[in-house]
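Colleague: here is a sequence together with a model predicted from it:
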Amino acid sequence: MSSPKKPTWTGKAKATERDFNDLNPIITYRHLFAQNLGVRDPLRVIALCDSDAFYAACEMVRLEVDKETPLVVLQWEALIAVNYAARKFGISRMDKLKDALERCPHLKVVHVATYKEGEKEPGYWDNVDTNTHKVSLDYYRRESVKISKLFKELLVECEVEKASIDEAFFDFSKPVREILLQRYPYLATVPPNAPDGVDTPLPPPPPIHWDDLGWVIPINPPPPSEQVEEENKGQENDIDQEKDKVQEDVSSSWKDEESIPTWHDVALSIAAELMGSARAQVLQKLGYSTSAGIARNKFLAKLTASYKKPNSQAGSILRNAAIPNYLKPIAFRKIRFLGGKLGKAFAQEYDASTVTPLDDMQNKFGEESIWVYEVLRGIDRAEVKDKGSVLNKSMLASKNLPKPIKNASEGHHWIRVLAAELALRLNDARKESPNLWPKTLVLHARKGYEAGRSKQAPFPFTREITVDYIATLGDKLWKELVGNNVAMNVSSVQLAFTGIDVTEVGQQSIEGFLQNSRVNKRSREDGINPDQHFQSDNTRAPDDQSNIRPSYTCPRCSKTYHLPDATSGVDSDVALKALRMEHEDFHFAQDLTRESDQVPIVVGSPRPLNKNKKQRKEPVGIEKFFGRK
């Protein structure tokens, strides 16, 4: 028996013409036994799972609304999500709310949650105003995290890459290989009469029963006039009837096809089982329906996920043999990265259904155009990588103001609103990682389309992260940023945490560390032994602790203030916090007084100006930037 033809899948090597005809690679025992072939794996199976109308679904779960209730999610005047029940009435995200209500008078309208001054968390208010409120997507982020966690618990062996708030990629290559060996134990050992040992091709696979596994995209699809559009825009009169009709078309075309199943088809069917089971659990436990696309790579899985969407718990499966006819009718400009001028140029030069020689395309559009050639033939070498372990080093809360800030006092309102969002997000993150803490608080403001200005300051550790705590620091940054300027035109404000990191395990609390550092510094300045024990707000003497009152030592004036005995029946942490804030307000008031009495200094002059001589005070630096033109 002659040696088998060498598989043509070349992985990350330079592509050649033969790579694009490799829809049925020869799979050997070596491939089956390999632990990690990556993108070169001929048994590679990737799935893209996408939540259906995610924002609308989140509100339906929160309000316990059934799937037959038409519902839209509103953000100010725009529809940002429309559930499938509402799409039956022809409602889309491009519609105005007034038009949507005319088409469906009983439409349920939900405005996204918003932050407003004085509230610790976002809420669903009766009257929302973009001039005073800020949109919050925190609820959707939390629900997305719940879904991701459950999927990872159910599909432990899969590599998972979160692609966006409502979709993720799953690499089923490893679990599929394990199940293959369990179901077909005769594949676990190389036959003694195998002519090429481990390089011998696997024996023909058994028949595959695709029932209940999902929508199998046909190799020879029915005419376009009989197909339902991939993206349901609400024009269908009865989605369920349309799905039944399409399933009949697919089933009949499948029966007429003379396609020999491959081991990659078997791998796809196993992945469809695993994906379908996990999606059913997500629906049952969390109430979210999802769509899934299963194919040989990420690009095809993404395209496949939108096939016949929504499709209940049925995923869409793209066999290798069906790839050419599935890609042919797709327009250039509907493919990712080809929606702009580049896609238009290719569309004018070529027909996507025409097999174009690689050399011809590279001669006209350069050697780098090979990636377009690959995309049009369903080639994608991107890996599925778990990004969950990547630590977000920053958190940002921002507001583009519908009415610019004209007076410095108006800025404090938005700082409190932004501080509420940062407090909530940091507290949520610390539930997962208690030692998480940002190093810096940054305030950024912009006027129109000009480059913005920023101020930042260290973010001191505190046991309780509150809106007041963040807003107090933000107010100080705002005053430094705008100075004494009373006339300004600020159109965007941002408040952010940067340098977020995790403290080392076993390290003492940051608050204690900073306190000890301050005590040691004062001790050295006063000529006292730094090893001597000092009473502070975080430390207590080892003897007779019952008689020691909680205290606070100011880092600015180095004075220590003890709680009075009368507060013994009150929560000492609360009382101490109030004492500290009251003392900080005292210093803040002093700073304001000094700044108001400060004599202006001429740059380059060693002496102050004569107070008796009237001088026009021109805004300089940042004040000048924020001033009116």
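Modeller: That came in fine, so what should we check first? Residues are numbered from 1 along each chain as shown.
Colleague: for the record, mean pLDDT for the top strand by length along the chain?
Modeller: The longest strand of the chain (DSSP state E) is strand 394-405. The average of the pLDDT scores along strand 394-405 is 89.
Colleague: repeat that for stretch 127-134.
Modeller: In this model, stretch 127-134 carries a mean pLDDT of 90.
Colleague: quick revisit: which other helices and strands does the longest strand of the chain contact?
Modeller: If you count contacts as 3 or more CB pairs under 8 Å, 6 or more residues apart in numbering; DSSP states H and E, strand 394-405 packs onto helix 411-432, strand 490-498. All C-beta atoms are positioned from the backbone trio N, CA, C, and that covers glycine.
Colleague: again, only this time at 10 Å
Modeller: strand 133-135, helix 411-432, strand 440-446, helix 467-482, strand 490-498 (3 or more CB pairs under 10 Å, 6 or more residues apart in numbering; DSSP states H and E).
Colleague: for the stretch 1-150 of the chain, what spans make up the helices?
Modeller: Ranges of helices within the stretch 1-150 of the chain are 29-33, 54-63, 84-87, 97-103, 138-154, based on DSSP state H, counting those that start in this stretch.
Colleague: quickly compare those helices and say which is most buried.
Modeller: helix 84-87 (a mean of 23; mean count of other CB atoms under 10 Å).
Colleague: taking the mean pLDDT, what do you get for it?
Modeller: In this model, helix 84-87 has a mean pLDDT of 93.
Colleague: mind checking how far the closest residue to residue 111 other than its chain neighbours is from residue 195?
Modeller: Nearest non-adjacent residue to residue 111, counting by CB to CB, 6 or more residues apart in numbering: residue 74, 4.7 Å away. Distance, residue 74 to residue 195, by CB to CB, to the nearest Å: 67 Å.
Colleague: higher neighbour count, those two?
Modeller: residue 74 (16 against 12; other CB atoms under 10 Å).
Colleague: the more buried one contacts residue 113, doesn't it?
Modeller: No. Residue 74 is not in contact with residue 113 according to CB atoms under 10 Å; the separation is 11.5 Å.
Colleague: what's the closest non-adjacent residue to residue 178?
Modeller: residue 157 (7.1 Å).
Colleague: residues near that neighbour, how many?
Modeller: 14.
Colleague: check which helix or strand it maps to.
Modeller: Taking DSSP states H and E as the definition, residue 157 sits outside all helices and strands.
Colleague: got a list of what it touches?
Modeller: Going by CB atoms under 10 Å, 6 or more residues apart in numbering, residue 157 touches 171-179, 274.
Colleague: before we move on, what about residue 287?
Modeller: 57-58, 60-62, 64, 67, 143.
Colleague: one more: residue 295?
Modeller: 44-48, 217, 268, 271, 301-305, 316-320, 322-323, 326, 378, 380.
Colleague: who touches both of residue 74 and residue 113?
Modeller: Shared contacts of residue 74 and residue 113, defined by CB under 10 Å, 6+ apart, are found at residue 128.
Colleague: about what we covered before: figure out which of the helices of the stretch 1-150 of the chain is closest to residue 422.
Modeller: helix 138-154 (11.1 Å; CB to CB).
Colleague: by contact count, what packs against the closest one?
Modeller: strand 46-51, helix 54-63, strand 159-164, strand 167-171, helix 263-286, helix 411-432.
Colleague: dump those into TSV; add mean pLDDT as well.
Modeller: TSV is the format used below for these (pLDDT from 0 to 100):
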stretch	mean pLDDT
strand 46-51	93
helix 54-63	95
strand 159-164	90
strand 167-171	94
helix 263-286	94
helix 411-432	90
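Colleague: quickly compare the ones you listed and say which is most buried.
Modeller: With neighbours defined as mean count of other CB under 10 Å, these peak in mean count at strand 46-51, which reaches a mean of 26.
Colleague: partners of that one, with directions?
Modeller: If you go by DSSP bridges, strand 46-51 pairs up with strand 167-171 (antiparallel), strand 290-295 (antiparallel).
Colleague: ok, and the closest non-adjacent residue to residue 402?
Modeller: Among residues not flanking residue 402 along the chain, residue 130 sits closest, at 5.0 Å (CB to CB, 6+ apart).
Colleague: could you check how far the one you found is from residue 439?
Modeller: Applying CB to CB to residue 130 and residue 439 gives a distance of 32 Å.
Colleague: how about residue 102?
Modeller: With CB to CB as the criterion, residue 102 and residue 439 are 53 Å apart.
Colleague: next: residue 149.
Modeller: Relative to residue 439, residue 149 is positioned 28 Å away (CB to CB).
Colleague: distance across stretch 42-56, terminal residue to terminal residue?
Modeller: 39 Å (CA to CA, to the nearest Å).
Colleague: my bad, should have said stretch 304-320
Modeller: The first residue of stretch 304-320 is 12 Å away from its last residue (CA to CA).
Colleague: again with stretch 477-493
Modeller: From its first residue to its last, stretch 477-493 covers 12 Å (CA to CA).
Colleague: got it, and stretch 475-488?
Modeller: End-to-end distance of stretch 475-488: 17 Å, with CA to CA as the criterion.
Colleague: repeat for stretch 82-96
Modeller: 12 Å.
Colleague: which parts of it are buried?
Modeller: 82-89, 91-92, 95 (16 or more other CB atoms under 10 Å).
Colleague: can you lay out those residues as JSON lines showing distance to residue 429?
Modeller: Listed next are the buried residues of stretch 82-96 as JSON lines, based on distance: CB to CB, whole Å:
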{"residue": "82", "distance to residue 429": "31"}
{"residue": "83", "distance to residue 429": "30"}
{"residue": "84", "distance to residue 429": "33"}
{"residue": "85", "distance to residue 429": "35"}
{"residue": "86", "distance to residue 429": "34"}
{"residue": "87", "distance to residue 429": "35"}
{"residue": "88", "distance to residue 429": "40"}
{"residue": "89", "distance to residue 429": "40"}
{"residue": "91", "distance to residue 429": "36"}
{"residue": "92", "distance to residue 429": "35"}
{"residue": "95", "distance to residue 429": "37"}
